[in-house]
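Trainee: this one's structure only:
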C-alpha cells in the first residue's frame, strides 16, 4: 500500500511479491506489507501472529512479512531467516522508508517507541506499537497527537494490548456490554510473576528506568490497568499507590541479554525501577478497583488474574488458564447458582471461528494473531482500531498517577481525563 | 474455679455439677464453667465449640456450659435449651456474678464488648471476646489495660480470631516460622462476601455504626488484618485506604433480626458503615500488603483468600476450601516445582489429632473447638493465650488507620505501635 | 421407648434421664435411647453425630447416648467417658437388653453385623448398621428378612451409607429427581485412598477376609455402588470386574490396632482381601457405569469422585471438597454454558437449615448428624428410613457380582434383582 | 529428498524451491518436501504444525508444504491456498508420485490409511499417518509390515499420536522413566466429549463403521490406550469391555460435512459405531488400568484425563488444562506432601525451548509442531521415530480386544503380543 501514489489505503496485488514469508490465502487479495522493529520476545510473538493470521482467518488483505529491523546486522539477518521475514534492516528509518512496508510494528523497549512511531506515522505508514505506549506521558501525548493527525490521512495506529484478544477476555467484555454484570462494584486485577526473586538475576534493560520507564508497573501494571478499563468500559478516575524495589542492586549482565534472561558478569548496578506496585482506585461510576503488579511472587509465572463483581453477576479470569472464563449469574436462584467454568473454545466465542473444535485450547501466542486479524480488518475497512494510541495514553496517565501517588505518600491522585 | 476462695485458678471437681451440657471426658477433671453472652450466629458457633472440644481432645479441664445470657427471657431460655446451656440469664451482670462461671465468652455485637469484658475481668473471670475486640481503639485500649491488670491475678483474656485455628492456617504459620518462605515480599488477603448485593436487604445492626462500629472493615477486614499479621509474624506498619458505601439507604427491618438475615418492614434508614474497604500497606520488614473486604462480591460467599510470597516459597489459602493449603517451594528445581495442594487432614497437622483419618475434612465450626482447646490449655497452664487482647487492639489500630486514611484522601497512615 | 410396655414407638419423657450425654433441646420431648456397639473410628464419628444432632436440628425426639459396648471393659469405659455415653457394656447382648436403649447403632467390623442386628431387631429395637451391611449376601439377606419382620412391629432398620447425607450429594439427588440431567448416559464413581501403599503397613483386621469380608471393594466400593444407585435412582444391572491384591504379605500388627493404623510386630501374614477393584456395569435404563476402589492411589486420601452425565446436564462431586457440587446445564446456550461450582451452604440446600451462613462449610462428620436427623424423624413418623437394609442388601449383591465376575475372568455378571 | 537418485535420505537444497509456504529458517538447509492427504480438521492442524515448526525450532531440514490432496478440485485448491500448500492434487497417487514430496502425511479417515500408507512407503516416501493407524488389525499389520520393509531402505513411518507431544505428557513420561512413580499400581484414562448428546446431530462419516472403523473407541479410546501404554512404558496385556450405542438412528447429513459438524437433511440412517466404551485392563507388570471413551458426557468438551499411581508417586493430567501437570511425590513427609501443579512452560521442559517465557502457555495445535519437529529430527538422523507403525498396530490390537471382549460378554480378552 505504501509505495503507491495514492496513499496508504491503496494496496498492491499479491502476485509477484517475491520471497519472504507470506501469511495465508493469497488469492488475488491485496498485500499488506509489514515491517517490524525489534525481534526479541515480543518480536518473535508478533512474527508468529503475522505468519499465522492469514491461515486461520479469512482476511481482506494478505499480510506479508516484508522486513525486520535490528541494530546488529548479523543478528537481525538470522532473526529474519528464523522468524520468516523477507528482508532485514539495521536502521529503523530505512525500514520505515521501504516501499513494501505499509505497517510498522514496533516491538522495541519503551524508550524508542515515540520516536519510531511518530516517524512512521509521518512517513504515511500504519503503526502497531507494543505496550506500554511510551515511557512517559509526554511521549505518549506526542504519539497520540501524531496518530490523530495521521488518522485524518487514513492511517491507523494501534497499541498492542494483546490480552484484550484472549478469547475469554473478549467474551467477558461482550457479556459485560450485554449487561450480564449490571452495576459494577469491584474490579480487581493482579499480575504476578517471579523472575526477579533471585537477587542474582542480573540488571537487564527491563530493570533500568532509562530503557524501561518503570518496572513491574509499566510491564505488568499496564496490562492490568488496560484490562480493568477495557472490561469495565470506563477509565480509572484516580489511584492511591505503593511501589517498592525489594532488591536495589543487581549484578551487571554479561554481554548481550534479553530483558527476561541473562547471566551475570562482574560488578553490580542500581535497579532504577519498581519491583512491585500495589494500588487501589476508583472508577467514575463508583466501582472500586484494586491492582497488584509484581515480579516477586514466587511460583506465580504469568498469573494475570481479573475479577469483576457487579450487581447482576461476576466474572473471573486467570491468564495461566486462558481458555477458561468463570461466570456467576447472580440473577439465578441461589440454590443452583455458582461460578461456572466456560471453556472458551466454542465456535460462537470470539476469534474461535478460525481455530479448532470445542475443547481444543489456544495458547498465549494466539493473542497476536487475533490482534493482527483485527488490525487488518480495521485497515481494510478504514475504521479506527482499538486500543488506539489515545487508549494507550490513558493507561500511561494511570501509571503516571500511580507513580505520583507513590511519591506523595500514597495520596489519592486523580487521573487527568 | 470461680466460686472457690482461691481465685480463678482453682477448679471445682466435676462430680455433681448437675444438669446442662458438659463437654467430654469427665473423669475427675476439674470443671471450667463457661458463661456466654449472646446466642445468635456467633453464640451458636461457640456453643458447638464448647460442647465438642472435650470429646475431640484430651483436655486438662472439663468445660461446662453453665449459663447463657440474652435480653429476651423467653428467647434465651429456648436458646439455652437448644444450644445445651444449663441455665439462662437476662442480665450479663448476673451471668458474670455466677459462681459456676469461670470464663465469660462474649458473643455480642461490638458495642457491648468493652463494658462486659472489663466487668468480667474485674469480677475475676477469664474472658474470651469475639472479634473485632471493640468498636473503637479507645475501648480496645481500656480492655487491654483491664486484661493486663487481670493477668497479674492469673486471669486470661483472648480475642476470638478463630481463623487462626483453621488447621491449614496453623500449618501455614508453622511453616513460615520454620523459614519455608524466607524473606517475605507480599501478603495479600481478600475477604469477599455477597450478602448485601441486593439493595432490598434490610438495615440490620451490622449496617449501623453505633452497633457494629464499621461494616465490611470491622467484620471481614479484621479477620484479614489479623491473619496477615499472624502469618507474617509482624504488625502492619501503615496503610493507605479507600472505603465505600455502595447502597446508602436500606429498608428498615421488620421485627427481630439477626445481623445476617432479616425481612424488610416499612420505611428506610441510612447505612452508616462501609460496604467495602480496599487498602494497601507495608510491614516493617519491607513486605507489601494488599487487603480487600467487601459484602458486594456477587457469588463469593465466604471467600477469605490469603497468599504470601517469600524469597524461598509461597503459601496460599481459601476459606471456601479450608482443608487445603497450597505451598510452592521456590528452592526446588523449576522443572518440577509448583504449588502443591496439601490436604491438611494428616495426624501430624495442627489440631488433627482430635479428628478423623486423612482426607476426612473438617468444617467452619471446628475452629471454635480448636479455639476452646487452646484456651483451656492456656488456662490450665496459666500461660498467656494468643491472640491476646493486645493483639485485638493492634488489629483495631490498623482498622482505625484504615478509616483515617480513607477520610484523609487515602494518605499513607502509620499504625501506632 | 424400650422399657415401656407398649413397644418401640412409645417414648419416655426427658425428665430425669440422669447422667450421660444428651443431645439438644430437651424441653419435654420424648427421649430416644441409643446404644452403640463398637467405638473405634466409626463409633467416634457416630457419637459425634448423636451428640450434635439435637443442637443443630429441631427434632421430634431427643436422642440420648445411653450406653456403648466393647469387649475390653477398661477401654470401653474410657471410650464412654471420652465420647459422651452414659454407660458402658462389654457384652452386646447386655446392651441390647437395656431398657434405656431404643436404638442399636452397630459400628463393628462387618463379621458381627448380622448377629447383632438380627438380635437387636428381635429384641424390639430399632437398628442402624454401618456399611457394608454384612460380609456376605447370605448374612445381608437374613438381616433384611429380620428387618422386614421387625417393620411389621413398627421397628426401623437403616444402613449407614452416610455419604448420602453429604448436602451436595443430597442436592444432586434432588436435582436428578427433578429431571435436571434427563436420560442418564454415564455414571462414574472412583474412591481412591492410599493408606496401603507402604508394604510395611501391617495386617490389620481390614486386610483379613474373615473380619472385613473384602478389602477396598467392601470398604470403598460399597460407598461407590450405593452412591451410583442412589443418584441414578435405579440399581446396577450387571458388572464386569477385575480385582487385585498388590501386596500379598504384610507384617503382623503389634498389639491392639484399629483398622486404619498400627505398627508392625514380628512375622508376616497373608492379605486375604483385595487391595483394589475396577469394574464396569450397566443400569437397566442403558446407562453405563464405571467404578474404581483402591487403597493404592498415592496422594489420594479420601477421593470419592462421582460424575453423572445425562442428556440434559451433568453433575460432579469430590468428597475431598464436600461442600461443592458441580453442575453443567446442557440446555443452556453453549456460548455461556459450563460446569458451575455450587457451594452447597445455602439455607435452601439439604440439611443446611441447621448450620451456618452461606460459605461456612461443613465437614465429614456432619454426615453422621444428618443420618441421625433423618433416622430420628423416621422413627418419630414411623416411616421407612432410607437406605434400608434392603438397600444395603442390594449393594451387597453388586459387590458379590463383582467378586464373581473377577473370579470368572471378568465375564459380565448380572446382579440378582 | 525424493526426486534425487539416491533415495529418501538425500535432500534438496533450499534455494529456488519456488512458491508455497516454507517453514522457518531456510539458510542453506536441505528441504523436506511434505505432501498431505486430507485437509479437514486434522489437515488444518497438521498444516499449522508444518508451517510453524521451522520458526520455533532449529531443525536440520527445512519442511516445505509442497502439495495437498483432496478429491474435490475446487475445494482442495482453496484449502491449499488457505493452509499454505504450494500445490493441490486430486489423486493421492499423484501426490505420492511428486518429486517434491519426500514425506506423505495422511490425514484422511481411517478407511484409506492402509492403502495410501503402503503405496507411499512403496514409492520410497516417509510416512506420517494419523491415528488410529487403521480401521482393522489386518490393515495395521499390513502397514507395519510395509513400514518394516521401508525402514530397511531408510524410510521412516510414524503414527500421529500427537498427544505424546503435549509438553506435560512428555514431562510425565520423563519423570516416570526416571523412576519418580516407582512400581505402578493404577493407570486410569478417560476421554470425554459431548458432541453427540443431541440426537439430532446427523450421521457423519465418523458414525459409520465403513469409514471410521469404530466410534468413540477408535477416535478417543485410541488416544487413551496409546497414552496409557506410552506413559506406563509397557503394553496393555488384556481387557474387559462394555460398549454402547445410545442413539441408534440419526438424521442423514445434508450435503458435504466434516466429521464433527453437519446439518441434517431428510431421512435417517443407522449409527454403526459405538457411542461410548468403558473398559478395564491389566498391564503385564500387574498394574490395573481403567479406560473410558465417550461422546456423550455433557459439558466435557475434550476432557482427556490421565492419572497414574505408583508406589513412589502419582501424576495427573487433563487435556483441557494442557499446560499443567500434577505430581504427588509420595517419598516426601506426609505433613507437606500433596499434588503440585507444575506449569509446564519452563525452558527445561520438553519442547519449551522453542516457545515463550514461563507461564505463557501453549495450545492444542502445538502438539503438531512438536510431532513435526521430532519427525524431522528422526528423518535427518535416520533414527526410528516413535510412535512407530508397530506402536499404532499395538493400539489397534488393544482396540480389537476391546471389541472382542464387548462382543463376548465382557470376558477378559488378552491382547496378542
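Mentor: Looks like it came in fine. None of the values given here were measured: they were computed from a predicted structure.
Trainee: Could you use CA atoms for every contact and neighbour count after this?
Mentor: Will do.
Trainee: Find me the pLDDT at residue A:82, would you?
Mentor: Listed pLDDT for residue A:82 reads 94.
Trainee: residues near it, how many?
Mentor: Counted with other CA atoms under 10 Å in any protein chain shown, residues neighbouring residue A:82 total 21.
Trainee: and what of residue A:98?
Mentor: Per other CA under 10 Å, the neighbour tally for residue A:98 reads 16.
Trainee: Give me the domain ranges for chain A.
Mentor: The record's domain parsing of chain A by automatic domain parsing lists A:31-163, A:167-321+A:323-358+A:387-414.
Trainee: Tell me which of these sits nearest to chain C.
Mentor: Between chain C and the domains of chain A, the tightest spacing by CA to the nearest CA is seen for domain A:167-321+A:323-358+A:387-414, at 3.4 Å.
Trainee: start to end distance for the closest one?
Mentor: When the termini of domain A:167-321+A:323-358+A:387-414 are compared using CA to CA, to the nearest Å, they are 32 Å apart.
Trainee: before we move on, back to that, take the domains of chain A and write them to a markdown table, including distance to chain D.
Mentor: What follows is these, written out as a markdown table (distance: least, CA to the nearest CA, whole Å):
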| stretch | distance to chain D |
| --- | --- |
| domain A:31-163 | 4 |
| domain A:167-321+A:323-358+A:387-414 | 5 |
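Trainee: so residue A:268, which of the three states?
Mentor: Following DSSP: H, G, I helix; E, B strand; the rest coil, we place residue A:268 in the strand state.
Trainee: thinking it is in contact with residue A:247, fair?
Mentor: No. Counting by CA atoms under 8 Å, residue A:268 stays clear of residue A:247, with 11.7 Å between them.
Trainee: and chain A, which residues reach chain B?
Mentor: Selection of chain A residues close to chain B by CA under 8 Å from any CA of the partner chain yields A:185-186, A:197-198, A:240-242, A:244, A:246, A:278-281, A:286, A:288-290, A:296-299, A:309-314, A:328-330, A:337-339, A:409-412.
Trainee: so which of those residues also contact chain C?
Mentor: Filtering the residues of chain A next to chain B for proximity to chain C by CA under 8 Å from any CA leaves A:337, A:338, A:339.
Trainee: Report pLDDT for the first one.
Mentor: Going back to what we said before, that points to residue A:337. With respect to pLDDT, residue A:337 has a value of 97.
Trainee: you'd agree it is up against residue C:340?
Mentor: Yes. The criterion here is CA under 8 Å, and residue A:337 meets it with residue C:340 at 7.4 Å.
Trainee: which of the residues of chain A next to chain B are buried?
Mentor: In the residues of chain A next to chain B, burial by neighbour count holds for A:185-186, A:197, A:240-242, A:244, A:246, A:278-281, A:286, A:288-290, A:296-299, A:309-314, A:328-330, A:337-339, A:409-412, counting by 16 or more other CA atoms under 10 Å in any protein chain shown.
Trainee: Pull the distance from stretch A:142-160 to the chain's centre.
Mentor: Taking CA atoms, centre = their mean, to the nearest Å, one finds stretch A:142-160 lying 17 Å from the centre of the chain it belongs to.
Trainee: what residues does that stretch touch?
Mentor: The list of residues contacting stretch A:142-160 from outside it, by CA atoms under 8 Å, 6 or more residues apart in numbering or on different chains, reads A:8-9, A:114, A:117-118, A:121-122, A:124-131, A:133, A:371, A:375, A:379, A:382, A:384-393.
Trainee: Got a ChimeraX select line for the buried ones in those residues?
Mentor: Of those, the buried ones go into a single ChimeraX selection, burial set by 16+ other CA under 10 Å:
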select /A:8,9,114,117,118,121,122,124,125,126,127,128,129,130,131,133,371,375,379,384,385,386,387,388,389,390,391,392,393
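Trainee: In strands, which of the contacts of stretch A:142-160 appear?
Mentor: Of the positions in the contacts of stretch A:142-160, A:126, A:127, A:128, A:129, A:130 sit in strands, assigned by DSSP state E.
Trainee: Reformat those residues as TSV; add pLDDT.
Mentor: Formatted as TSV, the ones in strands among the contacts of stretch A:142-160 follow (pLDDT from 0 to 100):
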residue	pLDDT
A:126	98
A:127	98
A:128	98
A:129	98
A:130	97
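Trainee: And the furthest pair within these?
Mentor: Largest separation among the ones in strands among the contacts of stretch A:142-160 by CA to CA: A:126 and A:130, giving 13.5 Å.
Trainee: what ranges do the strands span in the stretch 201-350 of chain A?
Mentor: Counting by DSSP state E, counting those that start in this stretch, one finds strands in the stretch 201-350 of chain A at the ranges A:236-244, A:249-253, A:264-270, A:276-283, A:288-294, A:303-310, A:313-318, A:324-329, A:339-343.
Trainee: from the middle of its chain, how far away would the longest one be?
Mentor: Distance of strand A:236-244 from its chain centroid, counting by CA atoms, centre = their mean, is 21 Å.
Trainee: The fourth one now?
Mentor: Between the mean C-alpha location of strand A:276-283 and the chain-wide mean there is a distance of 20 Å, by CA atoms, centre = their mean.
Trainee: Next, the angle strand B:276-283 makes with it.
Mentor: Angle, strand A:276-283 to strand B:276-283, by axes from the mean of the first three to the mean of the last three CA atoms, to 10 degrees: 160 degrees.
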